[in-house]
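>>> Dropping a prediction and its sequence here:
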Amino acid sequence: LPAALRVRDLDVTFTGRRGTVPAVRGVDLDIAAGEVLVLLGESGSGKSVTARAVMGLLDPGGVQVRSAQTVVAGHDLTAADPEQVRKLRGKTMALVFQDALSALNPVLSIGDQLGEVFRIHRGLSRRAARAEAAELLRLVGIPAPDRRVRDYPHQFSGGMRQRILIAMAVALGPRLLIADEPTTALDVTVQAQILQLVDRLRTELGMGVLLITHDLGVAAEIADRVAVMYAGRIVETGTVAEVLDGPAHPYTAALLRSVPDLAQPGDRLRPIPGSPPNLLALPSGCAFHPRCDRATEECTVTRPQRRALAVPGRSAACHHAEEAVDAPV
Ligand code: SF4
Ligand code: MG
């Protein structure tokens, strides 16, 4: 199978009355079929913008999207027009949002909403489409699907609605599933169930998954690999074990120290000092330097390029990355 996603040097720039915002800079992404890449970072770091740029879902007014290469499941979208990208949405790549309630139509039964995809794309009758919809509900673990296709969104719990959104996204067998904070609104138990569902579907359907989250616990649960974003750039990549057990970038390390879920017994939680950067007025040199406990003179002057580390697949954008990483095993 071709890679689910390959992106090279993605830039997204917003232009408005307040000026020019470099929302995303130089982003590279690689997701193999069946692989889960978690894009991790604080809100405002450019994760959602990256996802929407890949999906062609940014409002064209006031935004410039440019990449050296964007290939989704063998389809080269590098110079594609919006119409070509639109044609791949749903069939080849699909997006799951956070807010299931507002993404569903309150006055249509779930069977009719799910079935619409099959009526439009496969020309099925209403009855046949509803039967397919019930199959999808079964696939995502909704009990009594033949009966529940007749129900409306408000008759389902938040977790069940999120399952329905996932069902809708995978209806046409996309090769790439992008999920933007899909579990944020859910309680912890339901979150875990939704992650297990995504994990099962990527195996059963062989989809690559780009999962966006600010939650390290979510990353630890499901990621194969992790890419950490800060101020619109990827600052670290590696396998989930490499990144969470031995972060190379001080921002990743600070993120790990700031959350209770992953702290080791005896660790003291420490919030990251300072606040996320203003993209309209980025600090000189390394954008993280005002918050970094390892910053040197060089960091305030020269922006660190992301570079490969000794372990294949690992990279970091930090002048002092090697000082943090344990010797490769
Ligand atoms: Fe910190 Fe310097 Fe590395 Fe930036 S380049 S993360 S300021 S040590
Ligand atoms: Mg977001």
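Cool, got the structure. Ligands and ions are numbered 1, 2, ... in the order given.
>>> And the pLDDT at residue 87?
At residue 87, the model reports a pLDDT of 92.
>>> Please apply the same query to the one 4 residues further on.
The per-residue pLDDT reported for residue 91 equals 92.
>>> Might you report the residue contacts of it?
121, 172-174 (CB atoms under 8 Å, 6 or more residues apart in numbering). All C-beta atoms are positioned from the backbone trio N, CA, C, and that covers glycine.
>>> which among those residues end up buried?
If you count burial by 16 or more other CB atoms under 10 Å, the buried members of the contacts of residue 91 come out as 172, 174.
>>> Just send the contacts of residue 91 back as TSV, with pLDDT, distance to ligand 1 and secondary structure too.
Output for the contacts of residue 91, formatted as TSV (pLDDT from 0 to 100; distance: CB to the nearest ligand atom, whole Å; DSSP: H, G, I helix; E, B strand; the rest coil):
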residue	pLDDT	distance to ligand 1	secondary structure
121	89	47	helix
172	93	42	coil
173	94	41	coil
174	96	36	coil
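>>> what ranges do the helices span in the stretch 201-329 of the chain?
Assigned by DSSP state H, counting those that start in this stretch, the helices in the stretch 201-329 of the chain fall at 216-222, 240-245, 250-257, 297-301, 321-324.
>>> Tell me which of those helices sits nearest to ligand 1.
helix 297-301 (3.1 Å; CB to the nearest ligand atom).
>>> Based on its surroundings, how many neighbours for the closest residue in space to residue 219 that isn't next to it in sequence?
Nearest non-adjacent residue to residue 219, counting by CB to CB, 6 or more residues apart in numbering: residue 38, 4.3 Å away. Residue 38 has 26 neighbours, counted by other CB atoms under 10 Å.
>>> Residue 34 against residue 201, yeah?
No - counting by CB atoms under 8 Å, residue 34 stays clear of residue 201, with 10.3 Å between them.
>>> Now do the shared contacts for those two.
Here residue 34 and residue 201 have residue 207 as joint contacts, going by CB under 8 Å, 6+ apart.
>>> Regarding the nearest residue to residue 221 once chain neighbours are set aside, which helix or strand does it belong to?
Leaving aside its sequence neighbours, residue 221 sits nearest to residue 195 (CB to CB, 6+ apart; 5.1 Å). Using DSSP states H and E, residue 195 sits within helix 188-205.
>>> Give the buried residues for that helix.
190-192, 194-195, 197-198, 201-202, 205.
>>> Including distance to residue 247, could those residues go into JSON lines?
Converted to JSON lines, the buried residues of helix 188-205 look like this (distance: CB to CB, whole Å):
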{"residue": "190", "distance to residue 247": "29"}
{"residue": "191", "distance to residue 247": "23"}
{"residue": "192", "distance to residue 247": "24"}
{"residue": "194", "distance to residue 247": "26"}
{"residue": "195", "distance to residue 247": "22"}
{"residue": "197", "distance to residue 247": "29"}
{"residue": "198", "distance to residue 247": "24"}
{"residue": "201", "distance to residue 247": "29"}
{"residue": "202", "distance to residue 247": "25"}
{"residue": "205", "distance to residue 247": "32"}
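>>> now the residues you listed as JSON lines including pLDDT and distance to ligand 1?
Listed next are the buried residues of helix 188-205 as JSON lines, based on pLDDT from 0 to 100; distance: CB to the nearest ligand atom, whole Å:
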{"residue": "190", "pLDDT": "90", "distance to ligand 1": "36"}
{"residue": "191", "pLDDT": "88", "distance to ligand 1": "30"}
{"residue": "192", "pLDDT": "90", "distance to ligand 1": "32"}
{"residue": "194", "pLDDT": "92", "distance to ligand 1": "33"}
{"residue": "195", "pLDDT": "92", "distance to ligand 1": "30"}
{"residue": "197", "pLDDT": "94", "distance to ligand 1": "36"}
{"residue": "198", "pLDDT": "94", "distance to ligand 1": "31"}
{"residue": "201", "pLDDT": "95", "distance to ligand 1": "36"}
{"residue": "202", "pLDDT": "95", "distance to ligand 1": "32"}
{"residue": "205", "pLDDT": "93", "distance to ligand 1": "38"}
